[in-house]
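Novice: Predicted model and sequence follow; I will ask about them next.
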Amino acid sequence: MSPIDLHTHSTKSDGTFSPEELIRYAQAKGLSAVALTDHDTADGIEEALLTARKLREEVNKLSGSSLPIVPEVIPGVELSTEYRGRDIHVVGLFIDWKNCGFISKLREFADARIYRNQKMCRLLTEGGYPVNYEELQSSFPDTVITRAHFAQYMLEKGYISSIDEAFRKLIGDDCPFFVPREKISPQDGVRFLLQYGAVPVLAHPLQYKMSDDQLCELLASLSGYGLSGIEVYYSGYKPADTAYLSRLADKFSLLPSGGSDFHGSRKKGLDLGAGYGRLYVPDTLLPPLREKAAPSNR
């Protein structure tokens, strides 16, 4: 079996590796497949696929019995949704990333993020931490701006001493300069992904700090809307966590998925395909997930 990683980010959202760098790094790590799942955008998919094509051409020119693996690129996206005051993420795998309707809807999600970001800039500036929206954008071009970019901007300006400080004191969920953005429900997120033939997967379910009953209630609801999978494997999960989520996957007839949630240097100590060192997502998970996608998306 070869490891895979079905949850990663690039510079097209809040990662620090370009799509090309990400795929080349995936090859160096020996991954057989990697899903690029940037936040609310598919802008990096074409570059990632082109890189994989180039790598195949390079490998085809080589000879020998031990050739490097060229990772398959799975087009994906990560949607931010809201459920009872919680930020819930739904990953879409095998997305129809060229579909005009799909891309148009993603732009609507990005527009809601833009409005939120502009308001956060105003509040931070009024609070003594001047953040110019146009300068923030130019500092991170061709990228979906997230709170991680705010933190990096303020660190470079000397307003804070660390990224962690920004989230603890200024822009974390319960901090004075946090502005929630208008989000769709996870049910609508699942429905949207299915509409375009993608495979909806509930991302990092233990991050939401729900009780067992609360998580089961969410899974029962999303399963009714067509949720296909759940991230059983994730960075930081202990064997007991994976076993618990495997049982929930069986209970709600969901396919297991998993990934590192790799962001490059933005998440220190978290590596592609390996998480914090113990993560291993087996390639046997991929075929059943692929079968759930529309034939044209596989």
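Specialist: That came through, no problem.
Novice: I would like the residues contacting stretch 174-182, please.
Specialist: With Cβ atoms under 8 Å, 6 or more residues apart in numbering as the test, stretch 174-182 has contacts from 80, 82, 112-113, 115-116, 119-120, 123-124, 127, 129, 147, 167-172. Where C-beta positions appear, they are placed from N, C-alpha and C, glycine not excepted.
Novice: Stretch 289-298 now?
Specialist: Residues outside stretch 289-298 that contact it (Cβ under 8 Å, 6+ apart): 6, 75, 93-96, 196-199, 201, 228-229, 255, 257.
Novice: Span of that stretch from start to end?
Specialist: In stretch 289-298, first residue to last residue: 10 Å (Cα to Cα, to the nearest Å).
Novice: And the contacts of stretch 174-182, which of them are buried?
Specialist: 80, 82, 113, 116, 120, 123-124, 129, 147, 167, 170-171 (16 or more other Cβ atoms under 10 Å).
Novice: hmm, which two among the residues you listed are most spread apart?
Specialist: Farthest pair in the buried ones among the contacts of stretch 174-182 (Cβ to Cβ) is Glu82 and Tyr129. Separation: 25.9 Å.
Novice: any idea how far the nearest residue in space to Trp97 that is not next to it in sequence lies from Leu106?
Specialist: Leaving aside its chain neighbours, Trp97 sits nearest to Ala42 (4.1 Å; criterion: Cβ to Cβ, 6 or more residues apart in numbering). As judged by Cβ to Cβ, to the nearest Å, Ala42 and Leu106 stand 6 Å apart.
Novice: Overlap in contacts, those two.
Specialist: Common neighbours of Ala42 and Leu106 (Cβ under 8 Å, 6+ apart) are Val77.
Novice: Read off the pLDDT value for the residue nearest to Trp97.
Specialist: pLDDT recorded at Ala42 is 96.
Novice: With Gln137 instead?
Specialist: pLDDT, Gln137: 88.
Novice: Over to Ile114?
Specialist: In this model, Ile114 carries a pLDDT of 85.
Novice: Am I right that it falls within a helix?
Specialist: Yes: counting by DSSP: H, G, I helix; E, B strand; the rest coil, Ile114 falls inside a helix.
Novice: list the contacts for the residue lying closest to it once chain neighbours are set aside?
Specialist: Nearest residue to Ile114 in three dimensions, chain neighbours excluded: Ile145, at 7.6 Å (Cβ to Cβ, 6+ apart). Contact analysis of Ile145 by Cβ under 8 Å, 6+ apart lists 113-114, 117, 136-137.
Novice: which one of the residues you listed has the most neighbours?
Specialist: Counting neighbours by other Cβ atoms under 10 Å, Asn117 comes out on top of the contacts of Ile145 with 22 neighbours.
Novice: who's in contact with the helix or strand hosting Glu20?
Specialist: Element membership for Glu20 (DSSP states H and E) is helix 19-28. For helix 19-28, contacts defined as Cβ under 8 Å, 6+ apart pick out 5, 8, 10-12, 15, 17, 34, 36, 44-45, 47-48, 50-52, 55, 68-71, 73, 262, 272-273.
Novice: Buried among the residues you listed? Make that a PyMOL selection.
Specialist: This is how PyMOL selects the buried members of the contacts of helix 19-28, with burial counted by 16+ other Cβ under 10 Å:
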select buried, resi 5+8+10+11+12+15+17+34+36+44+45+47+48+51+52+55+69+70+71+73+262+272+273
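Novice: Could you check the pLDDT of Gly226?
Specialist: Reported pLDDT for Gly226: 98.
Novice: Against Pro288, how distant is it?
Specialist: With Cβ to Cβ as the criterion, Gly226 and Pro288 are 15 Å apart.
Novice: which phi and psi does the nearest residue to Tyr153 once chain neighbours are set aside have?
Specialist: Among residues not flanking Tyr153 along the chain, Leu136 sits closest, at 5.4 Å (Cβ to Cβ, 6+ apart). When read as degrees, to the nearest 10, the backbone of Leu136 gives phi -60, psi -50.
Novice: so Leu136 touches Phe150, yeah?
Specialist: Yes: the criterion here is Cβ atoms under 8 Å, and Leu136 meets it with Phe150 at 7.2 Å.
Novice: Give me the common contacts of these two.
Specialist: Taking Cβ under 8 Å, 6+ apart as the contact rule, Leu136 and Phe150 both touch Asn117.
Novice: neighbours around the residue nearest to Trp97, how many?
Specialist: Ala42, neighbours per other Cβ under 10 Å, totals 22.
Novice: so it sits right up against Arg107, yeah?
Specialist: No: between Ala42 and Arg107 there is no contact under Cβ under 8 Å: 10.3 Å.
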